[in-house]
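[1] fold the following, please.
(one chain, ligands or ions: 2)
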Amino acid sequence: MPELKIIRNYTERENSHTLESYVSSGGYKALDKALKLQPEEIIETIKRSGLRGRGGAGFPTGIKWGFIPRDSKKPVYLCCNADESEPGSFKDREIMEQDPHQMLEGIAIACYAIGSHKAYIYIRGEMPYAAKIITEAINEAYKKAYLGENIYNSGFDIDIVLFKGAGAYICGEETALLESIEGKNGEPRPKPPFPAQIGLFGCPTIINNVETLAFVPHIINNGAEWFLEIGQPKNTGTKIYGLSGKVNKPGLYELPLGIPIGQLIEEYGGGIPNGRKIKAMSPGGSSSAILDVSEIYIPMDFDSLAEVGSMLGTAGVTVMDDETCMVRVAQNLAHFYRDESCGQCVQCREGTWWLEMMLSKIEAGNGSMEYIDILLDACSQMRGTTICALADGCAMPIESIITKFRDEFEQHITSGKCPFDNKYMGSWG
Ligand SMILES: Cc1cc2nc3c(=O)[nH]c(=O)nc-3n(C[C@H](O)[C@H](O)[C@H](O)COP(=O)(O)O)c2cc1C
Ligand code: SF4
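    Ligands and ions are numbered 1, 2, ... in the order given. All right, here's what the predicted structure looks like:
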């Protein structure tokens with residue numbers, strides 16, 4: 001199966017980050033086309049295309065846009081979520097660094113569709129290079145009147161503001177992101193109300209991921225039916241899969257939704273280095289439940305992964321080989337989530353701390369057998385009980401690791417030490 005390169009068409013262009021390069025490949029034609037349509041027609045096209053959000057949850061984009069009240073007396077905002085801090089995910093950064101205008105054009109079309117004149121791009125603080133490229137791209141687009149007042153003589157104005165975060169994972173959660181832009185601590189808000197009703201500064205707001213928005217110009221140019229034909233029913237289009245960990249060719253690959261995870265690893269990732277075997281795979285960023293080698297056939301799409309209790313998430317696939325200590329992986333994950341918890345919910349604040357503490361003891365050979373079920377109990381109490389999904393994102397992979405690799409936990413406890421010499425876990429070590 002060849003790579004499709006719909007979004008990643010920039011790999012075939014020189015100086016792809018510049019406006020000149022983007023326009024020479026047909027860039028900003030979709031915006032011109034969109035401005036001649038009614039906003040409802042654009043929303044309808046995006047709905048028909050089946051585009052689902054690429055930020056993690058897979059919510060249908062057109063349906064989300066349709067939640068914005070059309071008669072709002074308040075301003076409407078669009079926020080482009082460029083916080084990308086999920087371990088194992090690095091697709092949005094590349095879009096921003098290599099082809100920022102694709103995202104800007106998507107933002108402009110989305111703004112027109114939802115009746116917004118102001119968009120914020122919330123970028124992760126640790127991405128100074130992407131921030132520089134985006135700043136240049138915004139300036140170029142204003143100069144050539146693709147942004148600003150009365151674009152394409154349509155009477156429609158669009159302002160885009162780049163907002164730099166300070167590097168907290170939780171600020172990628174959509175309501176924490178809004179709080180952060182408002183100048184407050186990045187703490188998620190209880191939902192409802194959803195941001196489409198009460199969002200940024202109390203106004204109706206849509207939050208979309210970078211990759212989601214980068215698809216929009218392509219769908220407007222080529223039509224909903226074109227997009228529907230790629231991928232799987234209800235899981236349409238391509239996805240930028242990020243491959244890392246124990247693979248020969250880590251990197252980004254744009255392929256249709258639904259490619260089996262094993263094919264991605266073997267055919268595109270070139271298999272596992274040093275003749276080792278696959279032990280486990282995290283299919284969708286660190287928050288997704290781990291798959292074991294018996295699940296290598298599972299299609300990489302929203303619904304297939306949900307059916308086996310995991311999720312597509314960001315499609316950042318991390319591969320672990322047979323030398324990897326799964327207790328250490330779980331400990332490392334607990335450490336990350338404990339560090340990143342905003343602390344509002346007891347189950348998350350205390351739960352992540354307890355998970356890390358017990359997993360560290362087991363890894364060091366100081367655990368006891370009863371810890372295993374206490375860990376599973378703690379995970380189940382963290383799931384679905386908190387303000388945001390960070391606690392679930394910690395509990396789900398750890399629960400799956402304990403369930404699928406329980407023997408490794410028992411081995412650590414009975415032998416009083418880690419049975420693996422190799423302490424390096426690839427990108428999660
Ligand atoms: C802890 C946490 C972190 C998140 N981080 C990101 C992120 O960095 N980027 C992102 O697009 N979505 C992130 N999300 C998901 C967003 O809340 C939201 O669902 C997404 O931006 C919506 O965009 P989409 O509909 O285009 O997918 C995160 C969610 C949680 C719970
Ligand atoms: S689940 Fe964790 S990160 Fe999310 S609001 Fe609660 S304490 Fe904060």
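[2] residues in contact with the residue of the stretch 1-150 of the chain found nearest ligand 1?
    Distances between the stretch 1-150 of the chain and ligand 1 by C-beta to the nearest ligand atom are smallest at Gly53, namely 2.3 Å. Placement of C-beta: from N, CA and C, glycine included. Counting by C-beta atoms under 8 Å, 6 or more residues apart in numbering, Gly53 makes contact with 59-61, 64, 208-209, 212.
[3] among those residues, which lie within strands?
    Using DSSP state E, the subset of the contacts of Gly53 located in strands is 208-209.
[4] what subset of the contacts of Gly53 is also close to ligand 1?
    When contact is defined as C-beta under 6 Å from any ligand atom, these meet ligand 1 at 59, 208-209, 212.
[5] and the next helix or strand past the lengthiest strand in the chain?
    Secondary structure of the chain read by DSSP E shows that its longest strand is strand 238-245. Sequence order places strand 251-256 as the next helix or strand after strand 238-245, per DSSP states H and E.
[6] output that following strand as CSV, restricted to C-alpha atoms.
    Extracted in CSV, the C-alpha atoms of strand 251-256 (Å, rounded to 0.1, in the frame of the first residue of the first chain):
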residue,chain,number,x,y,z
GLY,A,251,8.9,8.2,11.7
LEU,A,252,5.6,9.5,10.4
TYR,A,253,3.6,7.6,7.8
GLU,A,254,0.3,8.8,6.2
LEU,A,255,-1.9,5.9,5.4
PRO,A,256,-5.6,5.2,5.3
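[7] in ChimeraX, how would I select just the buried ones from the ones next to ligand 1 among the contacts of Gly53?
    Here is the ChimeraX command that selects only those of the ones next to ligand 1 among the contacts of Gly53 that count as buried (16 or more other C-beta atoms under 10 Å):
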select :208,209,212
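[8] what does this structure put close to ligand 1?
    53-57, 59, 81, 83-86, 170, 172-174, 207-209, 212, 388-390, 393.
[9] can you name the residues that contact Ser89?
    Taking C-beta under 8 Å, 6+ apart, one finds 242, 285, 313-314, 316 in contact with Ser89.
[10] which single residue in the stretch 51-200 of the chain comes nearest to ligand 2?
    Pro188 (4.2 Å).
[11] that residue: how many residues sit nearby?
    22 (other C-beta atoms under 10 Å).
[12] tell me how far it lies from Pro195.
    Counting by C-beta to C-beta, to the nearest Å, the separation of Pro188 from Pro195 is 11 Å.
[13] give the residues shared as contacts by those two.
    Thr175.
[14] quick one: the longest helix anywhere in the chain near ligand 2?
    The longest helix of the chain (DSSP state H) is helix 346-363. Yes: shown here: helix 346-363 in contact with ligand 2 (C-beta under 6 Å from any ligand atom) through 348-349.
[15] who does the helix or strand following that helix touch, helix- and strand-wise?
    Reading on from helix 346-363 to the C-terminus, the next helix or strand found by DSSP H and E is helix 370-382. Counting contacts by 3 or more C-beta pairs under 8 Å, 6 or more residues apart in numbering; DSSP states H and E, helix 370-382 packs against helix 346-363, helix 390-404, helix 406-415.
[16] mind running it again at 10 Å?
    Counting contacts by 3 or more C-beta pairs under 10 Å, 6 or more residues apart in numbering; DSSP states H and E, helix 370-382 is packed against helix 326-340, helix 346-363, helix 390-404, helix 406-415.
[17] list the buried residues of the second one.
    For helix 346-363, the neighbour count (16+ other C-beta under 10 Å) marks 347-348, 350-352, 355-356, 358-363 as buried.
[18] check the shortest one too.
    Neighbour-count burial for helix 406-415, counted by 16+ other C-beta under 10 Å, picks out 408-409, 411-413.
[19] what's the answer for the first one, then?
    Of all the residues in helix 326-340, those buried under the rule 16+ other C-beta under 10 Å are 326-334, 336-338, 340.
[20] any part of that helix near ligand 2?
    No: Helix 326-340 stays clear of ligand 2 (C-beta under 6 Å from any ligand atom), getting no nearer than 7.1 Å.
[21] need the CA coordinates for that helix. CSV is fine.
    C-alpha atoms of helix 326-340 as CSV (Å, rounded to 0.1, in the frame of the first residue of the first chain):
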residue,chain,number,x,y,z
MET,A,326,6.6,-4.1,31.3
VAL,A,327,6.7,-3.2,35.0
ARG,A,328,9.2,-0.5,34.1
VAL,A,329,6.9,0.8,31.3
ALA,A,330,4.0,1.0,33.7
GLN,A,331,6.1,2.7,36.3
ASN,A,332,7.3,5.2,33.8
LEU,A,333,3.8,6.0,32.7
ALA,A,334,2.6,6.5,36.3
HIS,A,335,5.5,8.8,36.8
PHE,A,336,4.5,10.9,33.8
TYR,A,337,0.8,11.2,34.8
ARG,A,338,1.5,11.8,38.5
ASP,A,339,3.8,14.7,37.4
GLU,A,340,1.2,16.1,34.9
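[22] contact residues of the stretch 201-350 of the chain facing ligand 2?
    341-345, 348-349.
[23] highest neighbour count among those?
    Per-residue neighbour counts (other C-beta under 10 Å) across these peak at Cys348, which has 27 neighbours.
[24] and Glu94, what does it touch?
    Counting by C-beta atoms under 10 Å, 6 or more residues apart in numbering, Glu94 makes contact with 7-8, 10-11, 84, 130, 210-211, 240, 242, 251-252.
[25] residues contacting His395?
    Just so we're on the same page, residue 395 is Ala rather than His. Contacts of Ala395 by C-beta under 10 Å, 6+ apart are 287, 289, 333-334, 337, 347-348, 351-352, 355, 375-376, 378-386.
[26] wait, Asp83 sits on Ile181?
    No: applying C-beta atoms under 10 Å as the test, Asp83 and Ile181 come out as separate, 11.2 Å apart.
[27] alright, that wraps it up for me.
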